[in-house]
Structure formats: C-alpha cells, structure tokens
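> What would the 3D arrangement of this be:
(chains A, B, C and D)
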There are 2 protein chains.
Amino acid sequence: MLQRRIDDHAPPSRELMREAQDIFYKHLKRVGLKHTDQRDTILRTFLETRDHLSTDELFRLVRKKEAKIGFTTVYRTLKLLAECGLASAVPFPDGMARYEHQFNRRNHHHMVCTECDASVEFFSPEVNKLEEEIGRKYHFDATRHNFQIYGVCEDCRKKIRRAI
Amino acid sequence: MLQRRIDDHAPPSRELMREAQDIFYKHLKRVGLKHTDQRDTILRTFLETRDHLSTDELFRLVRKKEAKIGFTTVYRTLKLLAECGLASAVPFPDGMARYEHQFNRRNHHHMVCTECDASVEFFSPEVNKLEEEIGRKYHFDATRHNFQIYGVCEDCRKKIRRAI
DNA sequence: CGTATAATGAAAATGAATTTCATTTTCATT
DNA sequence: AATGAAAATGAAATTCATTTTCATTATACG
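Reported below is the predicted structural model:
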C-alpha cells in the first residue's frame, strides 16, 4: 500500500519533466547505456508521484501504464535514477528501501506518524544551515542529510483518546 | 563487519550497567517473561559496545562470550531491548536493521561517510529544539527524531585526491 | 519438589533484493 | 534499409537477512 501523504503538490511541468529526462539520458550516454521505452515510462511514472516509493510500489504504478514492463527493469532503472541524482534512497524504519525524487526539490525533511505511517514534508532552512556547520566542524564534505521526526499525528491522537 | 566508529567513549560504569539491567528485568516481569542467563549476556554485550550493530554483528560478539547462544535468541532479545527503550533501531542506508543503545545517552546524531561507512556521532541541542518547534507547528506529538548527514570524511577525501 | 509456562536454538519459511540467462531491442555502421 | 555487436529485458532462480516453527530444556511459582 502506498503511504499516505500530506502535502500540497502540483504535478511536474512539462519543462521540468523534459529537463529530468535530459539529465537521465545524458547519464545513460555517459556510462554507455541505451535509451529505451521502458526506461522512459519508468522515469515519467516516478516523477509523477511524490510518495516515498518502494520498488514494488513503483512497479505497480508502472504496470498500469505498460503492463509488459517487468519488476526487474523497474528495479534496475531505479538504481540508475539514484546514480544520476534524480532519485535518492530514504531509509525508513519499516526496513524497505524507498526512493523519492530529488529533482528540483527544495531540501526537505519528513515527519512520520508512528501510528498511521502518514508522512508530512517540511522545510527548514535551519537544518540546512546545521548541515553546513557540522560538516565544517568535523571536516566532512557534507553532501546531503536525512532528517525525520517521529511522533503521533493529530488524527491518531484523537483516535487514541477516543479509544480510552 | 563492524562499522568503523569515531568517538570518545568510556565503557559503561558498573552502576549504569546495573540500572539498565534493572530496566530490562522490570520490563520482562511486566510482560510476564523470564530472567535467563542468555538474556543477561546479550544485554551486557550490547551495552559494552557503542557501534550501530546489526543482529548478526551482536550475535558474533555474544558468541565470543557464550558459544552456545543462538542467533534466534539474540534476535529476540534485541527486540525486547527495543521494546523497553534500551535499544533503538537506526535506519541506515545499507538496508540492514541496526540498533544502538539508548540508555543514558544524550540525544545524538550521525555523520556517515559514504566512502568508508565510518560514522561519527555529534550532539546538537539545536536539532532537539527544532524537533520541538516543528512538532508544535504541525500538531505532531513528536517523540524522537533521526538526523544523519552524509558526506566524505577527511581521510577518504585525501585518498581520492591522491588517486586522481 | 512438581508442574505450568516460557525460553531456547536448530531448522525451515518467508520475502525483499539481486543475479542469471535466453531472448529481444537498440544503435552505430555499413 | 540491413547488419551485427552490445546492451536491455523480464521471467525465473538465487541470495540473504529476517522471522516463524517446533521439539527440547530451563525457569519460577505454588
């Protein structure tokens, strides 16, 4: 099942889509790989979501468009997308590998409800500043970070209160 | 293999050890479980490390003390430790479930080198403050968080520079 | 002590991630 | 457009961490 998602998101514009495809196909060329319809479909499907997708979840979405595309291809394409920076793996506590897209996104963070798995994105420039400061302090060349807050969302809190 | 770890850590004092055991055995009693030698050994072994241990890594350490203890017991005990708050799962990007101990520890965060997997702990009261603020803003009952910065450590940076 | 209940650990089961391999497709070169 | 080398595809098999099962052993309460 797809994660519930709380945010205000418009689907990517045609230009952004094109730009992302450009990045992807430049990467393929660079490492000597080929342009295929499957890869195209998978990239587009991926960009159209804003969820944190497991490979299997993306596979199901891709299937709706092109019933012939196999799980393995989705799996491999997702790795390629991660390689060229369009996707990145988000370690979630459920243990399954999940990816989110990274293209033209503000650096963002997640709040995860431990009751219903809803995840809310939030943006915090302070966190970005911290990344930089900490990196300097420890002589790390910091490239990205991962910030998740766990807790119970308002809805679940109400439900729990009612259940008592 | 154990993760390389960079920090300044003294082994837990006898009193802290005792206090942790107390918490553990109170928890066992509460849920109607029994006190066993194996659980004792596993708890002690766990507390003596500061690494982010996978189940298998802890199992290997436990084995050195008591060769008869099985993997399954370590696996189950780790879950019990997580239940009573002495351990907590840390989602790392390698996909394996890792635990760290949580007893009497300042709230801390990690820097992970993407080249050598070394992890450095750091402490940042600002991050704790942010957790609180964000929780308030989004009406989340925030209980904990997870903050990791990825980058390249000084050593690896030197190695890379030499290789070019 | 005796007995009910839980713990243990070896082995089997599960399930996600990854690899294999026969077949098909792409694409640079005729 | 045809060719052929190299890569892609996808079904199936494999790997490997995690979890469950089950027969045996240990704990603890009366």
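> Okay, buried residues for the longest strand anywhere in chain A please.
The single longest strand within chain A, with elements called by DSSP state E, is strand A:141-152. By 16 or more other CB atoms under 10 Å in any protein chain shown, the buried positions in strand A:141-152 come out as A:141-142, A:145-152. Every C-beta, even on glycine, is put in place using the N, C-alpha and C of the backbone.
> what number of residues lie near A:Thr49?
18 (other CB atoms under 10 Å in any protein chain shown).
> dump the residue contacts of it.
A:58, A:61, A:101 (CB atoms under 8 Å, 6 or more residues apart in numbering or on different chains).
> all helices of chain A, in order?
A:14-30, A:37-48, A:55-65, A:71-83, A:125-137, A:154-163 (DSSP state H).
> circling back: in a markdown table: the contacts of A:Thr49, plus pLDDT, neighbour count and distance to A:Glu83.
Output for those, formatted as a markdown table (pLDDT from 0 to 100; neighbours: other CB atoms under 10 Å in any protein chain shown; distance: CB to CB, whole Å):
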| residue | pLDDT | neighbour count | distance to A:Glu83 |
| --- | --- | --- | --- |
| A:Leu58 | 94 | 24 | 16 |
| A:Leu61 | 94 | 19 | 21 |
| A:His101 | 84 | 22 | 14 |
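> what's the closest of those residues to B:Ser54?
A:Leu58 (26.7 Å; CB to CB).
> what about stretch A:135-154, near chain B?
Yes. With CB under 8 Å from any CB of the partner chain as the measure, stretch A:135-154 is seen reaching chain B through A:135, A:137-154.
> Residue of chain A closest to DNA strand D, please.
For chain A and DNA strand D, the shortest gap (CB to the nearest atom of the strand) falls at A:Gly70, measuring 2.4 Å.
> what about that residue, neighbour count?
12.
> what's the spacing between the residue lying farthest from the centre of chain A and DNA strand C?
Distance from the C-alpha centroid of chain A, by CA atoms, centre = their mean, peaks at A:Ile164 (36.3 Å). Counting by CB to the nearest atom of the strand, to the nearest Å, the gap between A:Ile164 and DNA strand C amounts to 26 Å.
> what residues are up against that residue?
Counting by CB under 8 Å, 6+ apart, A:Ile164 has no contacts.
> ok, for the spatially most central residue of chain A, nearest residue in space, not its chain neighbours?
Among the residues of chain A, the one closest to the centroid is A:Glu100, at 0.6 Å (CA atoms, centre = their mean). Distances taken as CB to CB, 6 or more residues apart in numbering or on different chains place A:His52 nearest to A:Glu100, at 5.1 Å, with adjacent residues excluded.
> The nearest residue to A:Tyr99 once chain neighbours are set aside pairs with what?
Leaving aside its sequence neighbours, A:Tyr99 sits nearest to A:Ala87 (CB to CB, 6+ apart; 4.5 Å). In this entry, A:Ala87 is beta-bridged to A:His101, by DSSP bridges.
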